[in-house]
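Chemist: output the structure for:
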Amino acid sequence: MRVGAPDGPKRVFQTLTKLDGAGNPTAEEFHYQFDSVGRLTHAAFAQTAQNGSAPYYTAEEPADSRAHAVYQYGPGGQMWGLAQYWEVLGTGEYPYSSEPIVGSRYYSMNGAAYVPYYDELGLRERLDVMVNSSGAWAVSRSEFYTYDVLGQLTWRNFGLTGVQRYVWDEVNRAQSICGETVGARYEYRADGMRVKKVADLTITWNPGDENQGSGFYDENLSVNKPTTRYYYDGQMCVEEDYTVWVGPFQGQSTEVTRYGVGARGIDWMEKSGSGGGVSFPLYDGHGNMIATLSRSGSGSFAVSNARSYDVWGSTWGTSRTTSLGFSTCGLGTTSRGRGGS
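Modeler: Presented below is the predicted three-dimensional model:
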């Protein structure tokens, strides 16, 4: 990527350009605007160029289509809202996500209300999910949480349906999170950044049994569960690979995902393999990725992998693909009590 800085004393970049293998600029370009104190106010991405060569975007020939993220801040500097738009040249802008960030004890989403309860230490001990039927609210289901003496979450729904176990290492990093059907264990480097995830584990797995929880790229060659490795530039993830066993004739398969880092964080993703391609993350004001803009061909996009979140940042629901201009993506939060997952 190549970064361009604006004129003036504040040196924050306004353009970010992806370079090809020879170091030449490509049409993959990102534009940013900041306020006087350096806060991001506007980002343009997923652009389709009119020009066939650099410069790909000019005042006379701007992008044929592009996505926008527009940020609003309060007097105290807190973010009040984030609106996201899809623009097609000559047809105007169509908002597909435009909601304020609201905090409340009772959090309503997708027809359900979440009511949390806390113990005397401020730890969430129960969460009631309520639905409205014929004008009356009733508890649809409840979740219960158990903690260790350090306040780290150890169980969700212990002894009940939907049980999940959380295991932490000596420096409070998640060592494994396992449920009845899915789970994973994690490895970290010295500064705490995750370097490996081994999946396909369940709650019956013993965290002390590293052989049974073995993935690829270790000394145990008899157990190779799906494995993801993470690579960083400093502390920002720029690449990951996912390796899975396909079968005795195909052997193992590895998919690589590369990330481009911009003013919004990860601004661009490219994945290899049969389901690969280029996509652009869409975020809410809390940093949750609420969907992706997936590119098909040179200039066709669709909103895919839309997600909604509960009050603690856990994924509440997903949908695969929706049409541009008509998808409303739910806002969530990443706020968690101590021991949150």
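Chemist: CA atoms for contacts and neighbours, from now on please.
Modeler: Will do.
Chemist: the residue nearest to Y231 when sequence neighbours are not counted sits in which helix or strand?
Modeler: Counting by Cα to Cα, 6 or more residues apart in numbering, the nearest residue to Y231 once its immediate chain neighbours are dropped is E239, at 5.2 Å. Per DSSP states H and E, E239 falls inside strand 236-247.
Chemist: ok, then the element right after the helix or strand hosting R295?
Modeler: Element membership for R295 (DSSP H and E) is strand 289-296. Next along the chain after strand 289-296, taking DSSP H and E as the criterion, comes strand 300-309.
Chemist: average pLDDT across that following strand?
Modeler: Summarised as a single mean, pLDDT over strand 300-309 is 79.
Chemist: now the angle between strand 289-296 and it, please.
Modeler: If you take axes from the mean of the first three to the mean of the last three Cα atoms, to 10 degrees, strand 300-309 sits at 160 degrees to strand 289-296.
Chemist: in terms of secondary structure, what does strand 300-309 contact?
Modeler: Using 3 or more Cα pairs under 8 Å, 6 or more residues apart in numbering; DSSP states H and E, the elements in contact with strand 300-309 are strand 289-296, strand 315-322.
Chemist: where among those strands is average confidence lowest?
Modeler: The lowest average pLDDT among those, as it happens, falls on strand 315-322, at a mean of 53.
Chemist: one step back: given the strand holding R295, what are its sheet partners and their directions?
Modeler: strand 277-283 (antiparallel), strand 300-309 (antiparallel) (DSSP bridges).
Chemist: which of the helices or strands spans E87?
Modeler: Element membership for E87, per DSSP H and E: strand 79-88.
Chemist: and that strand, what's buried?
Modeler: M79, G81, L82, A83, Q84, Y85, W86, E87 (16 or more other Cα atoms under 10 Å).
Chemist: ok, the first one touching Y71?
Modeler: Yes - the pair formed by M79 and Y71 meets the contact definition of Cα atoms under 8 Å, at 7.3 Å.
Chemist: what is the host helix or strand of V195 packed up against?
Modeler: Taking DSSP H and E as the criterion, the element that holds V195 is strand 194-199. Strand 194-199 is packed against strand 183-188, strand 227-233, with contacts defined by 3+ Cα pairs under 8 Å, 6+ apart.
Chemist: that one versus strand 236-247: what angle between them?
Modeler: With the same axes, to 10 degrees applied, the angle from strand 194-199 to strand 236-247 works out at 30 degrees.
Chemist: mind listing the residues bridging to the residue sitting nearest the centre point of the chain?
Modeler: Residue closest to the mean C-alpha point of the chain, counted by Cα atoms, centre = their mean, is M289 at 3.6 Å. Note on M289: beta-bridge partners by DSSP bridges are Y283.
Chemist: tell me how far it lies from T202.
Modeler: Here the distance between M289 and T202 works out to 26 Å (Cα to Cα, to the nearest Å).
Chemist: over to G265?
Modeler: Using Cα to Cα, one gets 32 Å for the distance from G265 to T202.
Chemist: which one of these two has more residues nearby?
Modeler: Legend: neighbour count by other Cα atoms under 10 Å for G265 and T202, higher for T202 (20 against 14).
Chemist: run a quick check on that one versus T181, I expect a contact.
Modeler: Yes - at 5.5 Å, T202 counts as touching T181 under the criterion of Cα under 8 Å.
Chemist: lowest-pLDDT helix or strand in this structure?
Modeler: strand 107-109 (a mean of 51; mean pLDDT, DSSP states H and E).
Chemist: and Y118, what does it touch?
Modeler: Neighbouring residues of Y118 by Cα atoms under 8 Å, 6 or more residues apart in numbering: R124, E125, R126.
Chemist: confidence score at the last one?
Modeler: As summarised for this prediction, R126 has a pLDDT of 92.
Chemist: pull the CA atoms of the helix or strand hosting it into CSV?
Modeler: Assigned by DSSP H and E, R126 falls within strand 124-133. Only the C-alpha atoms of strand 124-133 are listed here, as CSV (Å, rounded to 0.1, in the frame of the first residue of the first chain):
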residue,chain,number,x,y,z
ARG,A,124,-22.9,-10.5,34.8
GLU,A,125,-24.6,-13.6,36.4
ARG,A,126,-27.7,-14.0,34.2
LEU,A,127,-29.1,-12.7,31.0
ASP,A,128,-32.8,-13.0,30.1
VAL,A,129,-33.8,-12.9,26.5
MET,A,130,-37.4,-11.6,26.2
VAL,A,131,-39.8,-11.6,23.3
ASN,A,132,-43.1,-9.8,22.9
SER,A,133,-46.1,-12.0,22.1
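Chemist: moving C-terminal of it, what's the next helix or strand?
Modeler: Trace forward from strand 124-133 with DSSP H and E and the next one is strand 136-147.
Chemist: and the angle from that following strand to strand 124-133?
Modeler: 160 degrees.
Chemist: who does strand 136-147 pair up with?
Modeler: strand 124-133 (antiparallel), strand 153-156 (antiparallel).
Chemist: thank you, goodbye.
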